[in-house]
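Asker: build me a model:
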Amino acid sequence: VFNPLVEKLILPNKLRLLYPRDHFTDPDMAFRDQPGNENREREFVPSADMPKRWGYQLPVAHVDIRIPSEHYLEGKQYAAEYQMSLVQTRDDPIKGRGVAIVSVLFDIHPQNKDHEKMEELIQAFEKQWNNDARECEDFQKRMRRLDSKLYHLVSGGQEDGVKLQPKLRAARRLADEDTSWDPFHESIVRSIWFYGYEGSLTEPPCSEIAEWRIIREPAYISEQQLER
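Answerer: Numbers count the residues shown, from 1 in each chain. Just a heads-up that it's a prediction; the model follows:
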């Protein structure tokens with residue numbers, strides 16, 4: 001989760017881990033067809049073999065965390081919901097294009113114990129929050145020093161893109177080495193059994209392209225983690 005190519009987005013209604021979409025097409029990062037690299041794609045972008053005729057491993061496009069849960073089980077709404085969206089982008093003669101969403105409901109631990117893997121994720125988002133706050137403060141300082149025309153002249157242009165390339169290549173090298181956090185970790189996805197249904201996305205445009213898999217066993221976090 002500290003991989004620089006995995007974006008941590010703090011949105012009004014959720015937290016999102018966003019994996020790079022060009023991973024399977026960018027020649028510097030996509031290597032599924034190259035000898036000896038068959039497993040490297042799964043080291044960076046997680047994937048899963050989805051049941052019900054999906055037919056092959058699907059990459060995780062993003063992971064969303066929502067508070068409280070969107071789904072109910074037996075009339076109970078849970079403290080949080082952890083949703084992994086696996087996107088099929090190629091045209092398939094059977095399934096077509098679509099989204100398989102694996103959802104885990106989170107409850108408060110009976111002994112109020114922390115969840116170790118989720119603690120890593122929470123810390124990553126806290127670090128992102130601090131970075132965003134610093135960038136916002138720096139931006140405001142620059143805007144106070146420079147008028148709008150001078151600011152665009154100094155910060156724009158092709159030169160920025162040229163300077164960015166070495167940083168991007170370095171980030172990609174780190175991406176290949178960062179394999180420490182698994183969104184399907186057994187402490188999160190605690191069962192192979194699920195409730196499944198065909199439905200829609202829960203946000204506009206609410207397209208009816210989703211197949212939901214609600215894991216039957218909830219996971220647990222502490223009250224302190226939920227508040228953070």
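
Asker: what residues sit buried inside the helix ranked longest in the chain?
Answerer: Determined from DSSP state H, the single longest helix within the chain is helix 116-145. If you call a residue buried by 16 or more other CB atoms under 10 Å, then helix 116-145 has these buried ones: Lys117, Met118, Leu121, Ile122, Ala124, Phe125, Gln128. Heads up, the C-betas are built off the backbone N, CA and C, glycines and all.

Asker: now for it, which elements pack on it?
Answerer: Applying 3 or more CB pairs under 8 Å, 6 or more residues apart in numbering; DSSP states H and E, one finds that helix 116-145 makes contact with strand 7-11, helix 223-227.

Asker: what lines up beside the helix or strand that the first one is followed by in the sheet?
Answerer: Moving toward the C-terminus from strand 7-11, the first helix or strand encountered (DSSP states H and E) is strand 14-18. Partners of strand 14-18 in the sheet, by DSSP bridges, are strand 7-11 (antiparallel), strand 57-66 (antiparallel).

Asker: need the residues that contact strand 14-18.
Answerer: The contact list for strand 14-18 (CB atoms under 8 Å, 6 or more residues apart in numbering) reads 1, 6-9, 61-66, 121, 125, 183.

Asker: mind putting those residues in TSV, distance to Phe139 included?
Answerer: What follows is the contacts of strand 14-18, written out as TSV (distance: CB to CB, whole Å):
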residue	distance to Phe139
Val1	25
Val6	23
Glu7	18
Lys8	19
Leu9	18
Ala61	29
His62	26
Val63	28
Asp64	27
Ile65	27
Arg66	29
Leu121	27
Phe125	21
Pro183	32
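
Asker: and these, which of them are buried?
Answerer: By neighbour count, with 16+ other CB under 10 Å, those hold Val1, Val6, Lys8, Ala61, His62, Val63, Asp64, Ile65, Arg66, Leu121, Phe125, Pro183 as buried.

Asker: give the buried residues for stretch 195-214.
Answerer: Quick answer for stretch 195-214 (16+ other CB under 10 Å): Ile209, Ala210, Glu211, Trp212, Arg213, Ile214.

Asker: go on, stretch 12-23?
Answerer: Under the neighbour-count criterion of 16+ other CB under 10 Å, stretch 12-23 has Lys14, Leu15, Arg16, Leu17, Tyr19, Pro20, His23 buried.

Asker: flag the least confident of the residues you listed.
Answerer: Lowest-confidence member of these: His23, scoring 50 (pLDDT).

Asker: which ones are touching Met84?
Answerer: Met84 is in contact with Pro46, Ala48, Val60, His62, Val63, Ile101, Val102, Ser103, Pro183, Phe184, counting by CB under 8 Å, 6+ apart.

Asker: the residue lying closest to it once chain neighbours are set aside: neighbour count?
Answerer: Excluding the flanking residues, the one nearest Met84 by CB to CB, 6 or more residues apart in numbering is Val102, at 4.6 Å. By other CB atoms under 10 Å, the residues close to Val102 number 24.

Asker: isn't Val102 right next to Gln83, touching?
Answerer: Yes. Applying CB atoms under 8 Å, one finds Val102 in contact with Gln83, separated by 7.4 Å.
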